[in-house]
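In: starting from these lines, generate the structure:
(4 chains)
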Amino acid sequence: MQRITIDPITRLEGHGKIEIFLNEDGDVANTYFQIPELRGFERFCVGRPVEEMPLLTNRICGVCPEAHHMAAAKAADAVYHVDPPRPAKLLRELLYSAFYCTDHTTHFYALGGPDFIMGPDAPVAERNILGVIHKVGLEIGGKVIQMRKYGHTVVEMIGGRKVHPCTSIPGGLTKGITEEKRKEIESMGRWAIEFAQFSLKAFADIVLGNKQYVDLILGDIYTHKTYYIGMVDDKNLVNFYDGKVSVVAPDGSRLGKYAPSEYTDWIAEHPEPWTYLKFPYLKKIGWKGFVDGMDSGVYMATPLSRLNAADGMATPLAQAEYEKFYQTLGGKPVHQRLAIHWARLIELLYAAERWVELVTDPEITSPNYHTIPTEKPTEGIGIVEAPRGTLTHHYWTDERGVVTKVNLIVGTTNNYAPISMSIKKAAQSLIKKGNVNEGLLNMVEMAFRAYDPCFGCATHSLPGQMPLQVNIYNANGEQVRVMKQYC
Amino acid sequence: MTNANFEPVIIGFTCNWCSYRAADMAGTARMKYAPNVRLIRLMCSGRLDPTFIFKALSGGADGVLISGCHPGDCHYIDQNYKALRRFHLTRRVLIQMGMEPGRLKLLWASASEGAIFAAEINKFVEEIRQLGPLNWKIPGELTDIPTQKSQVEVPA
Amino acid sequence: MTERIGVYVCHCGTNIAGVVNVAEVSEWAGKELAQNGVVISRDYKFMCSSLGQELIQKDIQEMGLTRVVVAACSPHLHEATFRTACKNAGLNPYLCELVSIREQDSWVHTDKEAATYKAKAIISGGVARVAHHESLEPLRVPIHPDTLVVGGGIAGIQAALEIADAGFHVYLVEREPSIGGHMAQFDKTFPTLDCSACILTPKMVQVGNHPNITLLTWSEVTKVEGYVGSFAVTINKKARFVNTDLCTGCGICWEKCPKKVLDEVFEAGLGNRKAVYTPFPQAVPKYPVIDAPNCTFFIKGTCKACEKFCPPGAIDFNQKDEQITIPVGNIILATGYDLFDVKRIPQYGYGRLENVFTSLEFERLSNAAGPTSGNIVLRDGKTVPKTVAIVHCVGSRDQNYNPYCSAICCMQSLKFAHLVHERTGAEVYNFYIDIRTPSKGYEEFYNRLLEEGTNFVRGKVAEVSNVARVPAEEGKLVIQVEDTLIGRQRRIPVDMVILSAGLQSRQDSKEVAKLFGISCSADNWFIERHPKLDPVATMTDGIYIAGCVQGPKDIPASVVQGAAAAARVLGKIQQKEISLEPVRASINEEQCSGCRICNDLCPFNAILFHEDKVVSEVNPALCQGCGTCVAACPAGAISGTGFSNDQILSQITGVLLLRVNEPGFVQQ
Amino acid sequence: MTEKPKFAMYWAAACGGCEIAVLNIHEKILDVDANFDVVFWPVAMDAKYKDVEAMEDGSILLTLFNGGIRNSENEHIAKLLRQKSKILVAFGSCANEGCIPGLANFTQVQELVDTAFSTITTDNPDQVRPITSLEMPEGTIQIPTLLPILKTLDQVVDVDYYMPGCPPESHQIAAVIDLVIQVLQGKAELPPKGAVIGAGASTVCDDCKRTRNVKKITEFGRIQLKHADPELCLLEQGIPCNGPATRQGCGALCPSAGAQCIGCYGPAQGVIDYGARLSSAFASVIDSKEPQEIERILDGLVDPAGQFYRFNLAGSLLKASLPTVRSTVK
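Out: Below is the predicted model:
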């Protein structure tokens, strides 16, 4: 039995560690994708005032604090049974859309993108943002930087801070925006739309234009027929901030939609003793292990899932791309994981359009951005779509609004099972006869990098990178080769 | 160690004008009390910074005594009320931190109350003895905390 | 560790050495505390002896010690001694720290081992602390030669005259129209029975004419700013409606004034005065005041009789209150006392039973210048009482009212008994708890009363009633009392009852204390700096107290305190400038962000906020060094010299040194 | 030109916000690329771990270390980077004082795991818990053990500079990078070892535009239960704002956004224990002399320890709750 350890997976936010066991033939017998840490937010948030949850859970993840800030704020609203005034909701979603643009940009150009732009087997040292800049030219570097800057500027204007926003409180926000800020935000939004279109074009040129990549995408290596979930509005169109969660079966049929208050009827988590992270699955279907298909409760929650789970996009340009997407990939649902990258760019376009839509709403500058809660605080659930998947915060409080219990099902966690499956499948198809090289390893990594997993979020654990180490043992368990790669 | 032969160490913060003089008076009157308290003189109980309390507790003390002039008798008019307020809040913090509230004691003692001062110290020492050692101190270097070595080894 | 610290452990004969193993301690310190900077550790029989001090000084000079720790008695005893010793050896006195191993160790512990162990611990604390001491220089503040005296009673008068006679200017402020205080209301003074007016008036006149005294009657202090040496005091001169530059005090105005007013203050409600008046004939200053609320002109808008008849035309109805601000270097508070309100004890019947009198009423009654020209008669104004009861301790030594002894009631009651006896020949009963006659000539006076045949009944009067049970009690006031000497309840019928009311602090004493930034006891008497050794100074530099404001006392004691306070002030003035303990707080402007947490924490108003720079600042001359703001500053921008964080925190670490090194420490 | 000085950035127990904050210096990131040889930066680029190992001690000029020390892994790499770096900077609240994850020090580590594995959605009838070394059919697999308490960087290795903030504000990061570049060009001096960089000496109030008066607290309030006056000091309105005790550096972002300061920049210059300072300040201005009344007012502070140690429990004098500390002694 040979053993390979990939530790950690790189260019994702947080931890991950893969154990690959080879059999006598040097083929993959099994893989274990382990999350080595747990932070215990569910425990140490107990005792804190509920209005602090949007500030504390921010720190679950500094990459998508906005998502936690929003989910927490919505949960805290629910705890106080208070419905924020419309302007507050508009502002929150505006902040959130701007954040989406930044986050998807970061992932596509800095984290996931390099695999495509540089090519999966490009030298390690070039497979990064700087490599992308060098290849595509400084112009794109400048644009990426500009996009991220705009996104964070809007987050700061509404959220008070660039990272870890602070303005959402039970009942709304602590501040609104002025007309001149609104104008700024609008012009940035319009630029964002252009940038999104530019990115889709780049993707079309570099990836869709490259047969090798298309085959890679369409190939079986990265395909799983699982369930998909994603939030939709009342017209069943993709929405990131509010709505019901739509659940779609591998055959594309809609299993149903659940409101935040119903999530416990739909989602359950399965523990394994070899990892700190739990495996969510569809309660109605049940946990059948790391398998796909109609009978396995394993589901995915990613940009691709959201597209699969919805009937379309709420904005015109994105809707057009949406249709092109399914035409190109042969109808709904799309099961190929690498298509997530494309779906992400479509969401980028949607977010940018939504951004402009919201900022041009006449109510956006209204001073009516907070409703003082009057009800006794009890229990509340908040759900938003984090870029990496459906994010659920559930709090219980005492009558003073002090948290007594917490449950969190975080973006990436949803995808723990499918990611594990993708890794196994990729490893099985790529590692033969104990033949391993970094290119292959990276293609294994690509299997999950597509999910843009954020195990900082997932484990609510203290993320932090660990060295990637591949130990290869022969059948006698002697170490014949050691490969170490940092991050 | 069992409480019986456990000798607590208590840090006592005294005000220069009342409680410290009460201690002096207990001395001149040769009143006997337990040798477990180490008094630290402040000009006024109002000088008491909770930092001192935490320093004492995390530095090896088993209990902390705060003493000052009786309400209304402060030599700096009403600074002992500030000590009173800090005492109440600090106690709340320490309770939340899992400490037995009995380890923090507030005692008003005038310069003439040597007997009361001595008696209260004896009482306090006994109470702490019953509570046992505090040990709010991470032994040695933090890095000495035994942890399972992770599998990722760096060859020397 | 750059400091070179010397540790000196004192045997104090056997006082310390008898319990603490001094040699062991000093040897331990020399060895174990070497890494903390201790370069020499010695023990000696009597460190405070000149030989002991020379020992330290020799080491300072020869070994170049930079810090000294003396483990001996309480710093309150010998801190000064050893600081001076260091100073004389060229070491800044504040680089010396005293560790009390006598009062706090050898004298209070019996277990030698434990005591020795404790000595080591606290010495280690002292060593750790002293390393962080800084050289300090006392603060020098110039003294303004003028003095403010508040209160024109005998204590204030005495203080004012002492200072004025010494050639320095005094402002004497009195809220009544005339100085004189309670003493002016008395007829005789115990035990010598000389006429109160006869001894007081000359002093009042002296004050009135003294070139060095600015007399401000009918005035009150409204604001006090600044600090010892340079106070700025604002005084409100209430409108007198009499131009004192023109007024001759001839008295025609009050003769002509048609309006009679019951005199609640000076005559204790027994007599009347006019709406324009001086409280009493010998009033100083001689100028009258118009009592506006009662003046017909101010009420109806007509009359002006006084104005019409005033020869120099000194009446001025348009006068307004006048605010003046004066600079002074020192302040003496002699604001006196209030009388206990006997109505609070209803069973004694005052106000209900007309022939029950208060002590003050009796003073007026017996006063030749009083409403009855000194005839002791009942309320009806003619009947001379045949039996008189004098009740001691009314409102004093009573948990329900004032727990303390009012000090003067015994002698006052004896005086009353004598006067009644002398003037009416009536039968006199004194009801007392204890007779207290501690001063010169007092006990003799008591004996004299006994000889005069006064009846002394030892017992607290339960009730004064007018309900007769036997014919003999008809139309009489009956005293119900347990005579504790014969152990029987007694009922004694009398014609007149005098309640010897106790003394209490002025009802506004709290406000006055706050105004001047000093403190009150639970009973609201002002607190002296030290009950024995510094009875007239307060915790606030430059502010002194004299007379009953500090606690109940008789005339001689008040005069003594007046003079004593004056002496203290003169001493300060003579110094031209004074040095203040350099134990002070200061704010680092860089670190202060003007959050204003500290602003309201200082009772001495030493912290001021600069709106422009948005930072707070401590006025070192006002700061008393309590350190409250240091502990409260969330930014850590305030530091306290003499009791810095470094010093205290390292002292904590120091005293815990042994604990932490204990074997078995941190064992569960 | 001669070889560029080496730059490294590492995250231990962090949320990634620090990395984002660094990326948020935007164009400046190109200066870093121009002036430094970025040898090691997990989130942004790949690098060979063995190269880092192979480097001579002290060959990395500047390492920005963010994240707290949660497990032996973090500790191990902290030591390695200390060894390889000339200048080691504790970067961000976690490395400085433990940050929000430090709140875990209120509870024993086992409780953290138990809670996570028994939530309402967890289907765990067999009470499964992570096992650090587990025999599977294919062989033994392991996961690291969590330390009993979360530690700050300087509780593990010697730290040269401290850069606070959760995360450090990008303009501060840019300024520090400028400074280092200046130093490289001999145009500036490094601050003394142990200094706090990228922050001011005073507190958040210094940058807060709200008007401040003398403080007298008669009531502690909750930000969601009132419409706070946007012009007036929040603390004066009873809203427990940590600004007065929190180091200047962020530009008072939260108070200017209508939210109370939660203290992410840590203690001000020369403050030993943030929580002690802040609680002392709050308590001192409580407007009552009556124990019962004081208690009533304090009831308004529903979570004092959390309020005062939100970001720096791990870095405080007490470090962790008593039971947690005791659990470290076996």
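In: residue boundaries of the helices in chain B?
Out: Ranges of helices within chain B are B:19-28, B:50-58, B:79-96, B:114-131, based on DSSP state H.
In: same question for the stretch 51-200 of chain A.
Out: A:53-56, A:65-79, A:86-106, A:113-118, A:129-136, A:138-159, A:179-203 (DSSP state H, counting those that start in this stretch).
In: got it, and the stretch 51-200 of chain D?
Out: According to DSSP H, counting those that start in this stretch, the helices that the stretch 51-200 of chain D contains are D:72-84, D:93-97, D:109-116, D:170-184.
In: and for the stretch 1-150 of chain C?
Out: So, for the stretch 1-150 of chain C - with DSSP H, counting those that start in this stretch - the helices run C:14-17, C:22-32, C:50-63, C:75-88, C:112-130.
In: of those, which is nearest residue A:409?
Out: Among the helices of the stretch 1-150 of chain C, the nearest to residue A:409 by C-beta to C-beta is helix C:112-130 (53.2 Å). Glycine gets a C-beta too; all of them are placed from N, C-alpha and C.
In: and that closest one, what does it pack onto?
Out: Applying 3 or more C-beta pairs under 8 Å, 6 or more residues apart in numbering or on different chains; DSSP states H and E, one finds that helix C:112-130 contacts strand B:37-42, strand C:5-10, helix C:22-32, strand C:67-72, strand C:96-100, helix C:645-661.
In: hmm, back to that, which one of the helices of chain B lies closest to residue B:37?
Out: Nearest of the helices of chain B (C-beta to C-beta): helix B:114-131, 5.4 Å.
In: just to revisit the earlier point, between the helices and strands packed on helix C:112-130, which one is closest to residue A:222.
Out: helix C:645-661 (59.9 Å).
In: in space, what's closest to the residue at minimal distance from the centre of chain A - neighbours in sequence excluded?
Out: Nearest to the mean C-alpha position of chain A, counting by C-alpha atoms, centre = their mean, stands residue A:388 at 0.6 Å. If the residues on either side of it in the chain are set aside, residue A:388 comes closest to residue A:411, at 3.7 Å by C-beta to C-beta, 6 or more residues apart in numbering or on different chains.
In: and for residue C:364?
Out: residue C:370 (4.2 Å).
In: quick revisit: mean pLDDT for the helices and strands packed on helix C:112-130: which is lowest?
Out: Per-stretch mean pLDDT for these is lowest at helix C:645-661 (a mean of 89).
In: which other helices and strands contact it?
Out: Secondary elements touching helix C:645-661 (3+ C-beta pairs under 8 Å, 6+ apart): strand B:10-15, strand B:37-42, helix B:50-58, helix C:112-130.
In: kindly calculate the angle that that helix makes with strand B:37-42.
Out: If you take axes from the mean of the first three to the mean of the last three C-alpha atoms, to 10 degrees, helix C:645-661 sits at 170 degrees to strand B:37-42.
In: specify the beta-bridge partners of the residue nearest the centre of chain B.
Out: Centroid-nearest residue in chain B: residue B:64, 0.9 Å away (criterion: C-alpha atoms, centre = their mean). Residue B:64 has these beta-bridge partners by DSSP bridges: residue B:11, residue B:104.
In: pull the contacting residues for it.
Out: B:10-13, B:53, B:56-57, B:103-105 (C-beta atoms under 8 Å, 6 or more residues apart in numbering or on different chains).
In: got JSON lines for those residues, with pLDDT and distance to residue C:98 too?
Out: Below are these laid out as JSON lines (pLDDT from 0 to 100; distance: C-beta to C-beta, whole Å):
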{"residue": "B:10", "pLDDT": "96", "distance to residue C:98": "21"}
{"residue": "B:11", "pLDDT": "97", "distance to residue C:98": "18"}
{"residue": "B:12", "pLDDT": "97", "distance to residue C:98": "17"}
{"residue": "B:13", "pLDDT": "97", "distance to residue C:98": "17"}
{"residue": "B:53", "pLDDT": "97", "distance to residue C:98": "24"}
{"residue": "B:56", "pLDDT": "95", "distance to residue C:98": "21"}
{"residue": "B:57", "pLDDT": "95", "distance to residue C:98": "26"}
{"residue": "B:103", "pLDDT": "97", "distance to residue C:98": "29"}
{"residue": "B:104", "pLDDT": "97", "distance to residue C:98": "28"}
{"residue": "B:105", "pLDDT": "97", "distance to residue C:98": "26"}
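In: for ChimeraX, write the selection for the buried entries among the residues you listed.
Out: A single ChimeraX command is used to select the members of the contacts of residue B:64 judged buried by 16 or more other C-beta atoms under 10 Å in any protein chain shown:
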select /B:10,11,12,13,53,56,57,103,104,105
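In: residue ranges for the helices of the stretch 501-650 of chain C, please.
Out: C:509-516, C:555-575, C:628-632, C:645-661.
In: tell me the mean pLDDT for the third one?
Out: In this model, helix C:628-632 has an average pLDDT of 96.
In: report the distance from it to the chain centre.
Out: Taking the mean of its C-alpha atoms, helix C:628-632 sits 28 Å from the chain's own mean (C-alpha atoms, centre = their mean, to the nearest Å).
In: got it, and the last one?
Out: Mean C-alpha position of helix C:645-661 versus that of the full chain (C-alpha atoms, centre = their mean) differs by 39 Å.
In: which residues in the stretch 351-500 of chain C form strands?
Out: For the stretch 351-500 of chain C, the strands defined by DSSP state E, counting those that start in this stretch cover C:356-358, C:387-394, C:427-432, C:455-458, C:461-465, C:477-483, C:488-494, C:496-501.
In: once you drop chain neighbours, what's closest to whatever residue of chain C ends up closest to chain B?
Out: Using C-beta to the nearest C-beta, residue C:103 is the residue of chain C that sits closest to chain B, at 2.8 Å. Nearest in space to residue C:103, with sequence neighbours left out and distances taken as C-beta to C-beta, 6+ apart, is residue B:27 at 2.8 Å.
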